[in-house]
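In: Using only what follows, build the 3D model:
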Amino acid sequence: NKSHVMHGKDNKDKEETYQEPRRKEEHDECDDDDDDDGVVSFREIAKREKGSVYVTQMETNFDFSKMVYRTSANEGKVFDVVRNGGQNNNMASSSSPPPPPPSLKHERAVTDTHFPVPNELTTILSCSHDNTVKEWDARTNNTKCVARVRIPNHILGKNGSVETCSIGGANETILAVSCGEKILFYDRRMIRQGGGEVIKQFEDAHSEIVTKLRFHPENRHILHTSSVDGLTCTFNLFNEIDDENSLVSIGTANAAINEFGFLSGARTSSNSKNILWALTGIEEIHLFDCDANGTTCGVEIGRVKNAREKAREAAKEAKMMNERKISSKSLSKKGLKDLIENGVDYVINVIDGGIANNHKYYACCGTINGTVGLFPIAYDQNGMKSGTSTQPLTLLAPEYVLPNDSSSGGDGHNDIVRCLVASSSSTVGASDGQKVHLYTGGEDSLVCAWTTTKERIETDANNTNNNNSFGGGALRNSPSSSFRSGRESPY
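Out: Next up is the predicted model:
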C-alpha cells in the first residue's frame, strides 16, 4: 500500500525544540513471509509536518468525520478524516483539492485542543500557555478564531498557566478553563459578544495543577476533572456552579493523573459511556464508575498496576503463542518482534474496541522505535484472590500490532507515538462493522492512518481468557459498595 503524503506548512518559530537522540537498530527479517497475516494494515501517511515537530494530541469530533491534532509548533491543525484518510479517501483522485483548513495558532505552546460539543461538529476549542482560550470553526480556511478570551494576570497568579478547557452545560453555554489548581467558568455567549468575565471559580476542587477538563459526552451538564493531586472529580452543573454543592464524587488514583477518557459500560441500548479511565504518571490504569446518576459514581472498579511491565510480559506471551503456532495469523509479526525484543516503553492511552470487539477495552502501548500494540484489559485471576475491593486487572497478549517503519518496509512511525484515536466503521457510517480505523501521531512529525484488514482472529490463549476480558461487553462483579465522600491526599 503506497503512502500518500500531504505536506504541512513550515514551522520556523517553535517555542519547543527537541534534539533527543533516536535509537536505530538493524532490522532482522522475520523467518515467515507474513504480509497477509496482519489484522492491522498501514493505510497512509495522512499528514507530515516539516521539521522536528512533535504531534502530541489527537481528538476527533463526535461523528469521526474530522480530527484536530496538536503539535509542538504552538498550533493545532484540522484534518478531514473522510476526505483525506478515512473510509471514503478520495484526496489522491481529486482534481481540485479543498482549501486548507484553519491553522489554530497560538503565541506559545498549545496545551489542549478538541471538538467540545457533540452537536457542533465543526466547533474546535484550544488553549495555550499564552493564557488564551480560542474557539474556531473548522469550515473556515483562515487563521482567525471565532471567539477568544484571555485569562487576566491577577487570576493567573505567579505560577498559574492555562492547561485545559472544555465547553458544556445544558445548552452548551459554559466554558470551563483550568488555571493551575483553579477551574474558571465563563459564559460562552458573552465571550462571543466580546465580553469575557469569570462568572464562577473553583479554588478548592483540587490542590494541584488540573490536567484535564471534559464535560461528559452524553450528560452535558456533568463536568469531569483530573489533577496532579491524584484525584478525579465529578460535578453536576445543572442547577448551580459551586465547588461544594455541585460536587458529585471523587475518585482517587494515588498518583498524578495525566490523562483520562470515557468508555462504554455494560451493554445497554444507548451504549452509555459510564466508565472513566485514568492514566497516571507511574503508568497505572484506573477505571472508575462515572455515572453521575448512580450511587457508585467515583468508585474505582478496576486497576492495572504496573501497566508497562504487564504489557512487556504479555508481549512475551505472544511470542510463546507464536512459537507454539497456536494461531499464526492472529498476531501481526510486523512489529511484534520490536514489542518482544525491545519491550514496551510507555502507555499511550485506553480505547474502546467498538462493536467489532464487543466493546472490549485495550491499553495502547508503544516502543521508542514507533511500534504500537493494543493489549486487551482482562481480569487478573491471581490478583482476585487477594480480597481487595477493587478488581485487579491485567493485560493479555496484543491482539493488534501497528508496526514501525523498519518492520513494515517504510510505512508507519520511526519514533515515539504520542497519541492514538480509534473508531469502529459503524461510527463513520460504513457497512464494514468488523473494521476499526486508527490514527496515530508521534515525535517523527507524522500522522498515520491504519485500518483492520480482516476480522480479528482470537488466539487460543485469548479464547481461554475470553470470559475474563474486561470491557463494556463483559459482565463485571459489582463494585465495592464503599463510597469515598471526602477529599483525601494521595501522598
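In: Quick check: residue 128 touching residue 105?
Out: No. Look at residue 128 against residue 105 with CB atoms under 8 Å: they stay out of range, at 9.2 Å. Yep, even glycine has a C-beta here, placed from its N, CA and C like the rest.
In: And those two? Which one has more around it.
Out: Neighbours per residue, other CB atoms under 10 Å: of residue 128 and residue 105, the larger number sits with residue 128, 27 against 18.
In: Quick check: beta-bridge partners of that one?
Out: Counting by DSSP bridges, residue 128 forms beta bridges with residue 110.
In: how far away is it from residue 59?
Out: 16 Å (CB to CB, to the nearest Å).
In: burial measure for residue 200, as a count.
Out: 17.
In: so where's this protein uncertain?
Out: 1-39, 82-101, 266-271, 320-334, 383-389, 407-409, 424-434, 452-491 (pLDDT under 70).
In: rewinding a little: what is in contact with residue 128 and residue 105 at once?
Out: residue 74 (CB atoms under 8 Å, 6 or more residues apart in numbering).
In: Show me what counts as buried in stretch 159-169.
Out: Within stretch 159-169, the residues scored as buried using 16 or more other CB atoms under 10 Å are 160, 161, 162, 163, 164, 165, 166, 167, 168, 169.
In: Surely the last one touches residue 220?
Out: What that stands for is residue 169. Yes. Using CB under 8 Å, residue 169 is in contact with residue 220, at 6.4 Å.
In: Which neighbours do the two have in common?
Out: Any residue near both residue 169 and residue 220 by CB under 8 Å, 6+ apart counts here, and not one turns up.
In: so what's the spatially closest residue to residue 190 that is not a sequence neighbour up against?
Out: Counting by CB to CB, 6 or more residues apart in numbering, residue 190 lies nearest to residue 196, which is 6.4 Å off, once chain neighbours are set aside. By CB under 8 Å, 6+ apart, the residues touching residue 196 are 149, 150, 186, 190.
In: Just grab the bridge partners of the first one for me.
Out: Put plainly, it is residue 149. Going by DSSP bridges, residue 149 is paired in beta bridges with residue 133.
In: Return the distance of it relative to residue 133.
Out: As judged by CB to CB, residue 149 and residue 133 stand 5 Å apart.
In: Name the residues contacting each of those two.
Out: Taking CB under 8 Å, 6+ apart as the criterion, residue 149 and residue 133 both touch 175, 177.
In: Residue 234 against residue 292, yeah?
Out: Yes. Using CB under 8 Å, residue 234 makes contact with residue 292 at a distance of 5.6 Å.
In: Put the alpha carbons of stretch 202-220 into CSV.
Out: Output of stretch 202-220 as CSV, limited to C-alpha atoms (Å, rounded to 0.1, in the frame of the first residue of the first chain):
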residue,chain,number,x,y,z
PHE,A,202,-13.5,26.7,41.9
GLU,A,203,-10.5,27.1,44.2
ASP,A,204,-10.8,24.1,46.4
ALA,A,205,-11.7,21.3,43.9
HIS,A,206,-8.1,20.3,43.5
SER,A,207,-4.9,21.1,45.4
GLU,A,208,-2.5,20.9,42.5
ILE,A,209,-2.5,21.6,38.7
VAL,A,210,-5.6,20.4,36.9
THR,A,211,-4.5,18.3,34.0
LYS,A,212,-7.8,17.8,32.1
LEU,A,213,-11.4,19.0,32.0
ARG,A,214,-14.1,17.4,30.0
PHE,A,215,-17.9,17.6,30.0
HIS,A,216,-19.5,14.2,29.7
PRO,A,217,-20.2,13.4,26.0
GLU,A,218,-23.8,12.4,26.8
ASN,A,219,-24.7,14.1,30.1
ARG,A,220,-23.6,17.6,29.1
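In: quick one, phi psi at the residue nearest the centre of the chain?
Out: The centroid of the chain falls nearest to residue 349 when counting by CA atoms, centre = their mean (5.3 Å). Main-chain torsions, residue 349, degrees, to the nearest 10: phi -170, psi -170.
In: for it, which residues make a bridge with it?
Out: Counting by DSSP bridges, residue 349 forms beta bridges with residue 364.
In: Would you confirm that it contacts residue 417?
Out: No. The criterion here is CB under 8 Å, and residue 349 misses it with residue 417 at 10.4 Å.
In: Count residues in the vicinity of the residue nearest to residue 442 when sequence neighbours are not counted, would you?
Out: Leaving aside its chain neighbours, residue 442 sits nearest to residue 417 (4.2 Å; criterion: CB to CB, 6+ apart). Neighbourhood size, residue 417 [other CB under 10 Å]: 28.
In: Give me the distance between the closest residue to residue 444 other than its chain neighbours and residue 370.
Out: Closest residue in space to residue 444, ignoring its immediate chain neighbours: residue 415 at 3.9 Å, by CB to CB, 6+ apart. Distance, residue 415 to residue 370, by CB to CB: 6 Å.
In: Over to residue 413?
Out: 3 Å.
In: Overlap in contacts, those two.
Out: With CB under 8 Å, 6+ apart as the test, residue 413 and residue 370 both reach 404, 405, 442, 444.
In: Check the contact between the residue nearest to residue 442 and residue 438; I expect there is one.
Out: No. Residue 417 is beyond contact range of residue 438, at 10.7 Å (criterion: CB under 8 Å).
In: Which neighbours do the two have in common?
Out: In contact with both residue 417 and residue 438: residue 402, using CB under 8 Å, 6+ apart.
In: and residue 415 and residue 370? which has more neighbours close in?
Out: More neighbours surround residue 370 than the other of residue 415 and residue 370, with 28 against 21 (other CB under 10 Å).
In: May I ask which helix or strand encompasses the more buried one?
Out: If you go by DSSP states H and E, residue 370 is not part of any helix or strand.
In: any idea how far it lies from residue 127?
Out: Noted for residue 370: a distance of 29 Å to residue 127, by CB to CB.
In: so what's residue 438 bridging to?
Out: residue 422, residue 450.
In: quick one: it and residue 422 touch, right?
Out: Yes. Here residue 438 lies in contact with residue 422, judged by CB under 8 Å, at a distance of 5.0 Å.
In: now the helices for the protein?
Out: 81-84, 153-156, 188-192, 307-323, 336-341, 460-464 (DSSP state H).
In: which residues are contacting the second one?
Out: Okay, so that is helix 153-156. Contact with helix 153-156 is made by 131, 179, 180, 182, 184, 198, 201, as judged by CB under 8 Å, 6+ apart.
In: could you redo those as TSV and give each row neighbour count?
Out: Formatted as TSV, the contacts of helix 153-156 follow (neighbours: other CB atoms under 10 Å):
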residue	neighbour count
131	21
179	23
180	19
182	22
184	22
198	16
201	14
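In: okay, these in a markdown table with distance to residue 280 next?
Out: Compiled in a markdown table, the contacts of helix 153-156 are given as follows (distance: CB to CB, whole Å):
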| residue | distance to residue 280 |
| --- | --- |
| 131 | 27 |
| 179 | 22 |
| 180 | 20 |
| 182 | 22 |
| 184 | 25 |
| 198 | 30 |
| 201 | 27 |
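In: Closest to residue 230 out of those residues?
Out: Using CB to CB, residue 180 comes nearest to residue 230 of the contacts of helix 153-156, at 16.1 Å.
In: Now do the contacts for the closest one.
Out: Residues in contact with residue 180 (CB under 8 Å, 6+ apart) are 156, 157, 159, 160, 161, 209, 210.
In: same deal with residue 289?
Out: Contacts here follow CB under 8 Å, 6+ apart; on that basis residue 289 touches 274, 275, 276, 296, 297, 298, 299, 301, 479.
In: can you check residue 195 too?
Out: residue 187.
In: How about residue 261?
Out: Neighbours of residue 261 in contact, by CB under 8 Å, 6+ apart: 214, 276, 277, 349, 350.
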